[in-house]
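Asks: okay, here's the prediction I keep looking at, along with the sequence it came from:
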Amino acid sequence: MSSPADPLAPLGTLPGVQDAVESVRKAVDRIYGHRVMRRRSSEVSAEAVLRGARASAALEGADWVLEELRRRTDFGAEGEPRTVGAALRTTAEAGQLLDVWPQSPLRVLARLHLVAAGGAAPDETVGRPRLAGEPVTGPGPSSTTGGEGALPDADEVAARLDALARIVADGSEAPALVLAAVVHGELATLRPFVSANGLVARAAERVVLVGSGLDPKSVCPAEVGQAEQGRQAYEQALEGYASGTPEGVAAWIAHCGKALELGARETTAVCEALQRGAA
């Protein structure tokens with residue numbers, strides 16, 4: 001019987017989860033074994049971060065092609081440019097917070113929200129969980145709590161964030177994929193901030209994947225896989241997670257595993273292009 005101190009351990013035994021974990025490990029091992037990774041891993045990492053940011057912005061409704069990201073500089077402008085800029089900043093910031101995460105995950109989340117929403121949201125709402133009565137902006141799962149707009153209240157958000165922080169600080173025997181999926185799922189369904197919740201959730205998942213050692217060089221952009229599977233599939237999988245049923249949670253973990261595999265496939269294409277001298 002698993003210890004109450006490790007509430008994620010049972011998730012690893014849900015149907016299909018172990019298969020997802022093993023499939024992800026094989027996909028990650030393949031990309032790390034690519035010959036280009038031995039010589040040009042920093043270039044590969046930089047490209048993976050860029051592609052992950054592009055995909056995260058696409059899930060927020062700003063679906064730009066890569067060439068547009070490389071060309072544009074007006075990321076402070078209203079609308080899609082600001083969304084893309086927030087995704088670029090938040091995805092890059094994730095790599096700077098790896099040492100802080102195990103001791104103070106709530107501090108990391110506050111920092112990610114500050115980076116994502118600073119200058120866009122009202123100053124008094126940036127970097128802290130929403131208070132009672134504060135509205136939430138931006139896309140989110142349509143029925144994760146029983147209907148459009150029926151979000152968990154501020155007290156529930158605070159309690160569940162504290163519980164998540166304890167899980168991270170105490171450590172878990174659950175596979176890294178499981179922890180990453182839970183962190184992502186909790187943040188995306190709770191929507192704890194007044195804005196930029198999706199960006200923060202996906203960046204926090206990145207922190208877990210890199211910090212756990214599953215993807216230490218940040219070359220498997222799960223955001224790419226989430227975007228490739230589509231916004232509708234993403235929301236449906238999140239709704240399964242929010243239901244709390246074993247089937248729903250297992251399906252969300254498998255969905256996150258597939259996203260990570262697709263991210264690894266994307267980076268494999270990058271490595272092949274570098275090897276041919278085409279990138």
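Replies: Everything's here; your move. No experiment lies behind these values; they were computed from the predicted model shown. Residues are numbered from 1 along each chain as shown.

Asks: for D29, what is the enclosing helix or strand?
Replies: Here D29 sits within helix 17-32, counting by DSSP states H and E.

Asks: pull the residues that contact that helix.
Replies: Helix 17-32 has contacts (CB atoms under 8 Å, 6 or more residues apart in numbering) with 11-12, 37, 175, 177-178, 214-215, 217, 219-220, 250, 253-254, 257-258, 260-261, 264-265, 267-268, 271. C-beta: built from backbone N, CA, C; applies to glycine.

Asks: chain center to the helix or strand following that helix: distance?
Replies: Scanning forward in sequence from helix 17-32 by DSSP H and E, the next helix or strand is helix 35-59. Offset of helix 35-59 from its chain centre (CA atoms, centre = their mean, to the nearest Å): 15 Å.

Asks: and Y241, how far from A132?
Replies: Distance of Y241 to A132, given as CB to CB, to the nearest Å: 24 Å.

Asks: and if you look at T90?
Replies: From T90 across to A132, the span is 26 Å (CB to CB).

Asks: of these two, which one has the most company?
Replies: Just comparing T90 and A132: by other CB atoms under 10 Å the higher neighbour count belongs to T90, 27 against 8.

Asks: tell me the confidence at that one?
Replies: T90 is assigned a pLDDT of 97 by the prediction.

Asks: which sections of the stretch 151-279 of the chain are below the confidence cut-off?
Replies: 278-279 (pLDDT under 70).

Asks: helices of that one, residue ranges please.
Replies: With DSSP state H, counting those that start in this stretch, the ranges of helices along the stretch 151-279 of the chain come out as 154-170, 176-190, 197-211, 222-229, 231-243, 246-276.

Asks: for the second one, C-alpha coordinates in CSV please.
Replies: Below are the C-alpha coordinates for helix 176-190, written out as CSV (Å, rounded to 0.1, in the frame of the first residue of the first chain):
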residue,chain,number,x,y,z
ALA,A,176,8.3,12.1,-14.0
LEU,A,177,5.6,12.0,-16.7
VAL,A,178,3.0,11.5,-14.0
LEU,A,179,4.2,14.4,-11.9
ALA,A,180,4.5,16.6,-14.9
ALA,A,181,0.9,15.7,-16.1
VAL,A,182,-0.5,16.4,-12.6
VAL,A,183,1.2,19.8,-12.3
HIS,A,184,0.0,20.7,-15.8
GLY,A,185,-3.5,19.4,-15.1
GLU,A,186,-3.9,21.1,-11.8
LEU,A,187,-2.8,24.5,-13.0
ALA,A,188,-4.8,24.3,-16.3
THR,A,189,-8.0,23.2,-14.6
LEU,A,190,-7.8,25.3,-11.4
